[in-house]
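[1] Sequence plus the predicted model coming up.
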Amino acid sequence: MKEKLLPEQLQWVEATFEKVRAKLHAECLRMGDRIPNIPVNGVYPDNGAADLCDWVNGFWGGIMWQMYHATGEKEYRDAALRLEARLDGAFDQFNGLHHDVGFMWLHTAVAHDRIEPDSRAKTRGFHAATLLAGRYNPNGEYLSAWNENRPGWMIIDSMMNVPLLYWATRESGDPRYEAIARRHVHTLMRLLVRDDGSVHHIAVVDPENGELLDYPEGQGYASGSSWSRGQAWAIYGFAISYRHQKDARYLETAKAAAHYFLSNAAQTGNIPLVDFRAPAEPVEYDSTAAVCAACGMLEISSHVTEYEKPLYIQGALGLLRSTVEKFADWDTDTDGVLGGGTVAYHRPEGKNVPIIYGDYFLAEALLRLMDRDIFLW
Ligand code: GLY
């Protein structure tokens, strides 16, 4: 990837990574057993104590494995292993687990097993994959989202969880995981993706027959709007499914979502609003959408012709530079690198803050641009 960048661009990527590295190193040394999510007054409280099953709880593991892979420094590996062991407590809370088990265990146990094969880690990965496969509804051919008696709900975020099913088929030789994943992906393509490349966050179907019932409001502005992190999940999620399945429809869907994202983010200085179809005021950004979309564009760039690559690489770089310039905090004494993250449009808590997944995708994007990442999806 790095030979595609101009010297000045590569210099920016390397210098930015050095600042990210310094900050993550300081965080790693003081983190202990805490699981980070959103810092409060510059300090990460333990998100594991608040909710061990929270979907975000694997990202610190992903950051640690990426950093260990890139630098060989042992403290990152130790931190990743501590988190992996701690998440075993989540398997004991069956009712707390959900469709996001991919986010939780792809970056912890499965990453561990990819980097240094380990039978205990692999078993954890299979437990998670089997829980995810168990959410499949054959009537409507989808993986149901969340719990709380919502059996007909499916969401775009789940595109980032299906790689756990591809991994499980590859590792076990059992085609069922992948077959479920593909059917789910086709259902999302049919029900969530719109003609302009944008996506709904949620669709609700009748769980008895799969008939479409509703598009409720999700984490964006309203039903029918365009939550930017949801668009980012679509870009990266369909591109990853293409990498694993080589179904051309997945790549076309990822590209259409990327074009939609780039045109909309360009209207606000390459920094995405929380929702591209929200009212003009108040202006609220989501930096996490920018960095996740950037990773998706870099993934797309590795599957397209030479002629097309610059659109996606330069698109990713534009999002990264604008977002980092506006929101990065390089103070090694405070927790959280990338401010400007927003959990949801209508939730007053979790706006304009650093969020752990923003830092994960920022680190992954920079490492990718330097050819120093490890693919964890
Ligand atoms: N998966 C939930 C989110 O993107 O906030």
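    That came in fine, so what should we check first?

[2] Which secondary structure state does the closest residue to the ligand within the chain sit in?
    As assessed by C-beta to the nearest ligand atom, the ligand sits closest to D157 within the chain, at 3.7 Å. (Glycine included, C-beta is placed from N, CA and C.) Three-state call for D157 (DSSP: H, G, I helix; E, B strand; the rest coil): helix.

[3] So it sits against D100, correct?
    Yes: if you go by C-beta atoms under 8 Å, D157 and D100 touch, sitting 7.2 Å apart.

[4] re the thing from before, so what's the closest residue to the residue of the chain closest to the ligand other than its chain neighbours up against?
    Leaving aside its chain neighbours, D157 sits nearest to W233 (5.0 Å; criterion: C-beta to C-beta, 6 or more residues apart in numbering). Contact partners of W233, counting by C-beta atoms under 8 Å, 6 or more residues apart in numbering, are 156-157, 159-160, 292.

[5] any chance of those residues in a markdown table, plus pLDDT?
    A markdown table is the format used below for the contacts of W233 (pLDDT from 0 to 100):
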| residue | pLDDT |
| --- | --- |
| I156 | 98 |
| D157 | 98 |
| M159 | 98 |
| M160 | 98 |
| C292 | 98 |
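
[6] Give me the buried entries from those.
    156-157, 159-160, 292 (16 or more other C-beta atoms under 10 Å).

[7] nearest to L376, of those?
    Taking C-beta to C-beta as the measure, L376 sits nearest to M160 out of those, at 10.8 Å.

[8] What's the local residue count around the nearest residue to the closest one once chain neighbours are set aside?
    Among residues not flanking M160 along the chain, G237 sits closest, at 5.1 Å (C-beta to C-beta, 6+ apart). Using other C-beta atoms under 10 Å, G237 has 30 neighbouring residues.

[9] does any part of the helix or strand hosting G237 sit near the ligand?
    Here G237 sits within helix 228-245, counting by DSSP states H and E. Yes: remark: helix 228-245 sits within contact range of the ligand at R229, by C-beta under 6 Å from any ligand atom.

[10] follow-up on the earlier one: could you list every residue that touches the residue of the chain closest to the ligand?
    99-100, 145, 201, 230, 233.

[11] Looking at these, which is nearest D174?
    Of all the contacts of D157, H99 has the smallest distance to D174: 20.0 Å, by C-beta to C-beta.

[12] Just the pLDDT at that closest one, thanks.
    On pLDDT, H99 comes in at 94.

[13] Which residues does stretch 368-377 contact?
    For stretch 368-377, the surrounding residues in contact (C-beta under 8 Å, 6+ apart) are 1-2, 5, 10, 13-14, 17, 62, 65-66, 69-70, 106-107, 110-111, 114-115, 160, 163, 236, 240, 295, 298, 316-317, 364, 367.

[14] Between the two ends of it, how far is it?
    Stretch 368-377 has an end-to-end distance of 13 Å (criterion: C-alpha to C-alpha, to the nearest Å).

[15] Next, the buried residues of that stretch.
    368-370, 372-374, 376-377.

[16] Next: stretch 68-86.
    Buried-residue list, stretch 68-86, by 16+ other C-beta under 10 Å: 68-70, 76-77, 79-84, 86.

[17] Please apply the same query to stretch 333-345.
    Quick answer for stretch 333-345 (16+ other C-beta under 10 Å): 334-345.

[18] so where do the strands sit in the stretch 201-350 of the chain?
    For the stretch 201-350 of the chain, applying DSSP state E, counting those that start in this stretch gives strands covering 202-205, 212-214.

[19] just how off-centre is the shortest one within its chain?
    Strand 212-214 has its C-alpha centroid displaced from the chain centroid by 26 Å (C-alpha atoms, centre = their mean, to the nearest Å).

[20] Which residues of the stretch 151-300 of the chain lie near the ligand?
    Proximity of the stretch 151-300 of the chain to the ligand, by C-beta under 6 Å from any ligand atom, involves residues 157, 219, 229.

[21] Can you classify L188 as helix, strand or coil?
    What three-state DSSP gives for L188 is helix.

[22] Quick check: buried residues in the longest helix belonging to the chain?
    Longest among the helix segments of the chain by residue count, using DSSP state H, is helix 7-31. By 16+ other C-beta under 10 Å, the buried positions in helix 7-31 come out as 9-10, 12-13, 16-17, 19-21, 23-24, 27-28, 31.

[23] Who are the contact partners of the spatially closest residue to L191 that is not a sequence neighbour?
    Sequence neighbours aside, A203 is the residue nearest to L191 in space, at 4.4 Å (criterion: C-beta to C-beta, 6+ apart). Listed by C-beta under 8 Å, 6+ apart, the contact set of A203 reads 153-155, 188, 191-192, 212, 214-215.

[24] now swap in L188 and tell me
    Taking C-beta under 8 Å, 6+ apart, we find L188 in contact with 142, 154, 156, 158-159, 203.

[25] Which two among these are spaced furthest apart?
    Pairwise over these, using C-beta to C-beta, the maximum falls at M159 and A203, 13.1 Å.

[26] before we move on, the earlier item: can you say which of the contacts of stretch 368-377 are buried?
    Applying 16+ other C-beta under 10 Å to the contacts of stretch 368-377 flags 1, 5, 10, 13, 17, 62, 65-66, 69-70, 106-107, 110-111, 114-115, 160, 163, 236, 240, 295, 298, 316-317, 364, 367 as buried.

[27] I'd guessed Y221 sits against A280; true?
    No: between Y221 and A280 there is no contact under C-beta under 8 Å: 11.6 Å.
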